[in-house]
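Peer 1: Let me see the structure of the following:
(one chain, ligands or ions: 1)
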Amino acid sequence: MIERYIREDLRNWENYQVQPVTGRKMDANESPFPLDQSVRERLSAWILEKEDLRLYPDTDNTVLREAIAAYYGLSPENVTCGVGSDQLIDYLTKLFLEPGETILVPSPSFSMYQTAAEINHGKAVSFPLEPENDFQFSAEMILKSLKEVRPKILFLCSPNNPTGQGLKREDLLSILSKAGCVVVLDEAYGEFAENETLDLISRFPNLVSLRTFSKAYGLAGLRVGYALADPEMIRAIDRVRAPYNLNTFSQIAASCVIGRAEYKEHIRTIISERDRMYKALGALKGIKGFHCYPSQANYLFMQSDLPDLGARLLEKGLLVRAYSGKMSAYARVSVSDPETNTLFLEAIKEILLP
Ligand code: PMP
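Peer 2: Numbering: from 1, shown residues only. Here you go, the predicted model:
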């Protein structure tokens, strides 16, 4: 009955599918660390003493914008916030794409760029990242694709989800200086990589850096993402931002956690666990076609001849991100706490070794 009223191009549209949660969660690149006790206490004190949830939240996210800006040494005019960086991806396609216009994206990469473009009447064209090259970005390939496709927006994900490699600074600089379009640099996993890109915001007014509290800061449940960019870009994004987009509790929690020393420690632990897992998985190289790619993020991307690697790990109580179709040889595992990571390494050895 409703079908005929739905936009024609959305009649076969599938919502973002999330696999059911069973077993130890190593599928969504979440943080394994619980919320820090001192942050819990600050949030509890707010509920007990100041809570006023009758009122709409601050529509400008003032305290959070100021906290983010102070942490990076920027001005609040360089910052805007979204309900997860997902919402900002949607806003950017809403803001810039005329119907039928194109975004350029890496493949494989985070599916939300294409989803947002299509929902907002645009389309996505991709350039490939090659397994032979450990899925590294090639500035040459990107510049060539930019010339051919002439997109309105170039989305780059660094480190790239799900493959794990980041863009080199000199490549990013050469892309930015020649892009001729809006460049969105999705740095959802940037805290786990070495590259510093902050200074580029003042040099390139067409650059938007997207970041999130969902990964390194362990606040995925509160849905807070943010964009760093030139003030003119931020004002443009704010034109399409929904009023009151972030709820009060998320604004307060995110402004409490940013820059706290314990998160630096969490990040160091994740990086050292990732390197431990990568080394251990390296010893399994070639067994049943197994290969683990290098990563600068909080996950590792693996390939094997077993199309059911994800299901086999799930039988052992470990939920990783499995893929279907032309990606069925691949799986992505999130770096978790040391005990879970060790269980994962034992499980994968049992599966691969005869
Ligand atoms: N970008 C990338 C590359 C991601 O992997 C994710 C989460 N899976 C997001 C953005 C969205 O993160 P959030 O909406 O939780 O901020």
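Peer 1: Helix or strand: which one has residue 156?
Peer 2: Under the criterion of DSSP states H and E, residue 156 resides in strand 153-157.
Peer 1: Residues contacting that strand, please?
Peer 2: The contact list for strand 153-157, computed with Cβ atoms under 8 Å, 6 or more residues apart in numbering, reads 89, 92-93, 96-97, 103-106, 109-110, 113, 117, 137, 142, 146, 167, 172, 175, 179, 181-186, 188. Heads up, the C-betas are built off the backbone N, CA and C, glycines and all.
Peer 1: Of the residues you listed, which ones also sit close to the ligand?
Peer 2: The subset of the contacts of strand 153-157 within reach of the ligand, by Cβ under 6 Å from any ligand atom, is 110, 186, 188.
Peer 1: which among the residues you listed gets closest to residue 228?
Peer 2: Of all these, residue 186 has the smallest distance to residue 228: 11.9 Å, by Cβ to Cβ.
Peer 1: confidence score at the spatially most central residue of the chain?
Peer 2: Taking Cα atoms, centre = their mean as the criterion, residue 188 is the residue nearest the geometric centre of the chain, at 3.7 Å. Each residue has a pLDDT score; the one for residue 188 is 98.
Peer 1: Phi first, then psi, for it.
Peer 2: Main-chain torsions, residue 188, degrees, to the nearest 10: phi -60, psi -30.
Peer 1: quick one: contacts for it?
Peer 2: Per Cβ under 8 Å, 6+ apart, neighbours of residue 188: 85, 110, 157, 161, 210, 211, 212, 214, 215, 225.
Peer 1: In a markdown table: those residues, plus distance to residue 36 and pLDDT.
Peer 2: Listed next are the contacts of residue 188 as a markdown table, based on distance: Cβ to Cβ, whole Å; pLDDT from 0 to 100:
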| residue | distance to residue 36 | pLDDT |
| --- | --- | --- |
| 85 | 22 | 98 |
| 110 | 28 | 98 |
| 157 | 28 | 98 |
| 161 | 26 | 98 |
| 210 | 24 | 98 |
| 211 | 19 | 98 |
| 212 | 18 | 98 |
| 214 | 16 | 98 |
| 215 | 16 | 98 |
| 225 | 20 | 98 |
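Peer 1: can I get those in a markdown table with secondary structure and neighbour count?
Peer 2: Listed next are these as a markdown table, based on DSSP: H, G, I helix; E, B strand; the rest coil; neighbours: other Cβ atoms under 10 Å:
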| residue | secondary structure | neighbour count |
| --- | --- | --- |
| 85 | helix | 26 |
| 110 | coil | 19 |
| 157 | strand | 28 |
| 161 | coil | 23 |
| 210 | strand | 24 |
| 211 | strand | 25 |
| 212 | strand | 25 |
| 214 | coil | 22 |
| 215 | coil | 27 |
| 225 | strand | 23 |
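Peer 1: the helices in the stretch 201-350 of the chain, which residues?
Peer 2: Applying DSSP state H, counting those that start in this stretch to the stretch 201-350 of the chain gives helices spanning 231-240, 248-257, 261-282, 309-315, 338-352.
Peer 1: helices and strands around the longest one, which ones?
Peer 2: In terms of contacts (3 or more Cβ pairs under 8 Å, 6 or more residues apart in numbering; DSSP states H and E), helix 261-282 is packed against strand 291-292, strand 299-303, helix 338-352.
Peer 1: mind redoing it with 6 Å?
Peer 2: helix 338-352 (3 or more Cβ pairs under 6 Å, 6 or more residues apart in numbering; DSSP states H and E).
Peer 1: tell me the strands in this structure, going along the chain?
Peer 2: 24-26, 79-82, 102-107, 123-128, 153-157, 182-186, 207-212, 225-229, 291-292, 299-303, 318-322, 330-334 (DSSP state E).
Peer 1: Around the ligand, which positions in the stretch 101-250 of the chain sit nearby?
Peer 2: Residues of the stretch 101-250 of the chain lying near the ligand (Cβ under 6 Å from any ligand atom): 110, 157, 161, 186, 188, 212, 214, 220, 225.
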